[in-house]
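**Q** Here is my input, please return the structure:
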Amino acid sequence: MTKTYAIADLHGRFDLLMLAYNRLCDCEPGLIVHLGDYVDRGPNSRAVITCLMNDDTQPHGFTRLVLKGNHEQIMVETIRKPLNPGWWMGNGGKQTLESYGHPRIRIRYNEVWPYNPSVVPPEHVDFLARLNRLYCDRHRVYVHAGLDSSVSLPEQKDDLIYWIINKDDLPYSYQGLNHHIVHGHVANPKGPLLLTNRTNLDVEAYDSDRLVIGVFDDDTPGGPIEIIEVKA
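**A** Numbering: from 1, shown residues only. Next up is the predicted model:
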């Protein structure tokens, strides 16, 4: 049995990431898929990014795939374009910059002061910008938010991959194949949400003080065979 371990929406909770990795050290090695949203809202986005950039930090014997979420998209676009920082700061970017040692930020009527995104190392921005959009195996698609079932995987638009809110339990079909969708994005502190066609693993870790790992058997279709939970 080959296993994939999916983790959603860390939002700066480096402490929960370490607890999750410690639990995985007692599990059969496999692939760890992170489903995006590593930054914003929680206290230690910098440590989360630093950890994910370093291959030596993954549990022994495991491989790791890091996907992009909408908060990484917001962060990269705000710094690189640049955009009005109110969009990012109002969505938790304030906590991200402060984790890099930025002075305390004030936000009022979409105005931000002080604001100095140069405290984020360029290599961190480059890392987030390069992250993959999704991962597909024989039975499942792993993605941050969701997908458009009417088009093939290469045709998926970023706005849906990073932002869509799933409200149905209809089967997805891509190029004639049915896939179970594994995602985060929609915070549910009472989760995870386990449906016939998809699994939502976002349990609002930054505020609920808990994180779940969805364990999937790569040879068997459908949802997780196990849920591992850690609490701070």
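**Q** When you work out contacts or count neighbours from here on, use the C-alpha atoms and nothing else.
**A** Fine.
**Q** The residue nearest to the spatial centre of the chain and residue 146, how far apart?
**A** The chain has residue 36 as the residue nearest its centroid, 1.8 Å off, counting by C-alpha atoms, centre = their mean. Applying C-alpha to C-alpha, to the nearest Å, the value for residue 36 to residue 146 is 12 Å.
**Q** Check residue 109 too.
**A** Residue 109 is 31 Å from residue 146, where distance means C-alpha to C-alpha.
**Q** Neighbour count: those two, which is higher?
**A** residue 146 (25 against 6; other C-alpha atoms under 10 Å).
**Q** Go ahead and confirm that one touches residue 162.
**A** Yes. Between residue 146 and residue 162 there is a contact under C-alpha atoms under 8 Å: 7.2 Å.
**Q** measure residue 212 to residue 142 for me?
**A** Counting by C-alpha to C-alpha, the gap from residue 212 to residue 142 is 15 Å.
**Q** can you check residue 136 too?
**A** Using C-alpha to C-alpha, residue 136 is found at 6 Å from residue 142.
**Q** Compare neighbour counts for those two and give me the winner.
**A** Shown here are residue 136 and residue 142; by other C-alpha under 10 Å, residue 142 has more neighbours (25 against 13).
**Q** Could you export stretch 209-223 as PDB, CA atoms only?
**A** Listed next in PDB are the C-alpha coordinates belonging to stretch 209-223 (Å, rounded to 0.1, in the frame of the first residue of the first chain):
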ATOM      1  CA  ASP A 209      -5.400  25.100  17.400                       C
ATOM      2  CA  ARG A 210      -5.900  21.900  15.600                       C
ATOM      3  CA  LEU A 211      -4.700  20.400  12.300                       C
ATOM      4  CA  VAL A 212      -5.600  17.300  10.400                       C
ATOM      5  CA  ILE A 213      -3.800  15.000   8.000                       C
ATOM      6  CA  GLY A 214      -5.800  13.100   5.500                       C
ATOM      7  CA  VAL A 215      -4.300   9.700   4.700                       C
ATOM      8  CA  PHE A 216      -5.100   8.300   1.300                       C
ATOM      9  CA  ASP A 217      -4.400   4.900  -0.200                       C
ATOM     10  CA  ASP A 218      -3.000   5.500  -3.700                       C
ATOM     11  CA  ASP A 219      -4.400   2.200  -4.900                       C
ATOM     12  CA  THR A 220      -7.900   2.800  -3.700                       C
ATOM     13  CA  PRO A 221     -10.400   5.500  -5.000                       C
ATOM     14  CA  GLY A 222     -12.400   7.800  -2.800                       C
ATOM     15  CA  GLY A 223     -11.800   9.600   0.500                       C
END
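**Q** Buried residues, stretch 114-124. List them.
**A** Along stretch 114-124, these residues count as buried under the neighbour rule (16 or more other C-alpha atoms under 10 Å): 115, 117, 120.
**Q** Same list (those residues) but as TSV, adding pLDDT.
**A** Output for the buried residues of stretch 114-124, formatted as TSV (pLDDT from 0 to 100):
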residue	pLDDT
115	97
117	97
120	98
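**Q** and which of those is nearest residue 21?
**A** Distance to residue 21, by C-alpha to C-alpha, is smallest for residue 120 among these, at 25.2 Å.
**Q** Not counting sequence-adjacent ones, nearest residue to the closest one?
**A** Using C-alpha to C-alpha, 6 or more residues apart in numbering and skipping residues adjacent in sequence, the residue nearest residue 120 is residue 100, 6.4 Å away.
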